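K.L.:
Build me a model:
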Amino acid sequence: MTTNTASGTPPRAGTDPQLAVTAALAGADIVRSLCGTHVSRVDKGAGDFATAADMAAERAIVDLLRSARPDDAVTGEESGRTGADRAERRWLVDPLCGTLNYAAGNLAVAVNVALRTGDRTTAAAVADPFTGDVFWTDGTGAYVRRGAAATFGTSATAGGGASETAVPSPGTCLVDVNLDPPFPHAPAFRGVDLLAAPGFAARFRPRVVSTTLAVAWVASGQRAGYVTDGGDLRGSVHFAAGIAMCEAAGCVVTGIDGRPFGTSTGGLIAAADADTHAALVEAIRSGERRRSGA
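P.N.:
Numbering: from 1, shown residues only. The predicted structure follows:
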């Protein structure tokens, strides 16, 4: 992991990045406090569900956003869309990314809050409830504050603590591959096939943590890359914050076909550098060639 404390700064009070951090930490506080308790489940169909922790964390986050920015629209994973359909400013809230992990007692989870202004993410935060780390961006720089959630409710959490500049690095050789559905590019691309691709296995060490916390880890150097199937994920409650972190940190971020967003067929490759990105694209394409017999 590579960070630089010299140029890292906390988000300024009253700004959108500061609100994103505060909201994500509010959700993280609830997720952490309910861990280990018996939390009820709400069935969402197709094997998916939400827990009482998802619901409570989202309410806390949305209440903060509505209080601070009453004219902004909000989309929550559990509560859906509120505000004008074509609002210029829309907050995206994923109160507990990794619900299945959490319900099983696995602490690999994240709280994601992102602000989409037009077609850009201009502020975002990703909080880890259990390490206390919070990753945030103002749309131009990417930062990490270690242990922030441990002091939630203090003035430091509101922007007075030290942040480090996030610096991507391929050094870990760890690449997270998301194996959760949907799989719109199957059978041409399957994440599970990538794990066994010779070019992938020779260079990288796969990880499957099933939370978008791993996308933020690419920005901070804790992962060399992240790969998932999907559509256009820039406006996703799950992925918008992590994608914005990676882009602001200088990662190479594209669809799974290696093309820039807007021209890509969808999905996500987030890579620490161009060399890692090229290796991941080639591993994906070699798998496609093997399946087609080319």
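K.L.:
So what pairs up with residue 125 in the strands?
P.N.:
For residue 125, the residues forming beta bridges with it (DSSP bridges) are residue 113, residue 136.
K.L.:
these two touch, right, residue 253 and residue 247?
P.N.:
Yes: contact criterion C-beta atoms under 8 Å: residue 253 and residue 247 qualify, at 5.3 Å. Any C-beta I mention is one placed from the backbone N, CA and C, and that applies to glycine too.
K.L.:
quick one, which of those two is more surrounded?
P.N.:
residue 253 (25 against 21; other C-beta atoms under 10 Å).
K.L.:
Give the pairing partners of the helix or strand where the more buried one lies; include direction for each.
P.N.:
In the assignment (DSSP states H and E), residue 253 maps to strand 252-254. As defined by DSSP bridges, the strand partners of strand 252-254 come to strand 268-271 (antiparallel).
K.L.:
Let me see the mean pLDDT of the partner strand.
P.N.:
Per-residue pLDDT over strand 268-271 has a mean of 98.
K.L.:
List of residues touching it?
P.N.:
170, 215, 218-219, 224-228, 230, 233, 239, 242-243, 246, 251-256, 258, 277, 280-281, 284 (C-beta atoms under 8 Å, 6 or more residues apart in numbering).
K.L.:
Could you rerun that using 6 Å?
P.N.:
Residues from elsewhere that reach strand 268-271, judged by C-beta atoms under 6 Å, 6 or more residues apart in numbering: 215, 218, 225-228, 233, 246, 251-254, 256, 277, 280.
K.L.:
And for stretch 16-35?
P.N.:
In contact with stretch 16-35 (C-beta under 6 Å, 6+ apart) are residues 11, 53, 56-57, 60-61, 64-65, 68, 95-96, 111, 113, 115, 123-125, 127, 129, 134, 136, 138, 149, 152, 157-159.
K.L.:
how near is residue 228 to residue 191?
P.N.:
Separation of residue 228 from residue 191 (C-beta to C-beta, to the nearest Å): 7 Å.
K.L.:
returning to what we had before: quick one: contacts of the strand holding residue 253?
P.N.:
So strand 252-254 is contacted by 246, 247, 260, 269, 270, 271, 274, 277 (C-beta under 6 Å, 6+ apart).
K.L.:
Turn the residues you listed into CSV, including distance to residue 211.
P.N.:
Compiled in CSV, the contacts of strand 252-254 are given as follows (distance: C-beta to C-beta, whole Å):
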residue, distance to residue 211
246, 15
247, 19
260, 25
269, 18
270, 14
271, 19
274, 26
277, 22
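K.L.:
tell me which element residue 100 falls in.
P.N.:
Using DSSP H and E, residue 100 falls in helix 99-103.
K.L.:
residue boundaries of the strands in the stretch 151-294 of the chain?
P.N.:
Assigned by DSSP state E, counting those that start in this stretch, the stretch 151-294 of the chain shows strands spanning 164-167, 174-177, 205-207, 225-228, 252-254, 268-271.
K.L.:
would you list those in TSV and tack on distance to residue 142?
P.N.:
Below are these laid out as TSV (distance: least, C-beta to C-beta, whole Å):
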stretch	distance to residue 142
strand 164-167	4
strand 174-177	18
strand 205-207	21
strand 225-228	15
strand 252-254	12
strand 268-271	12
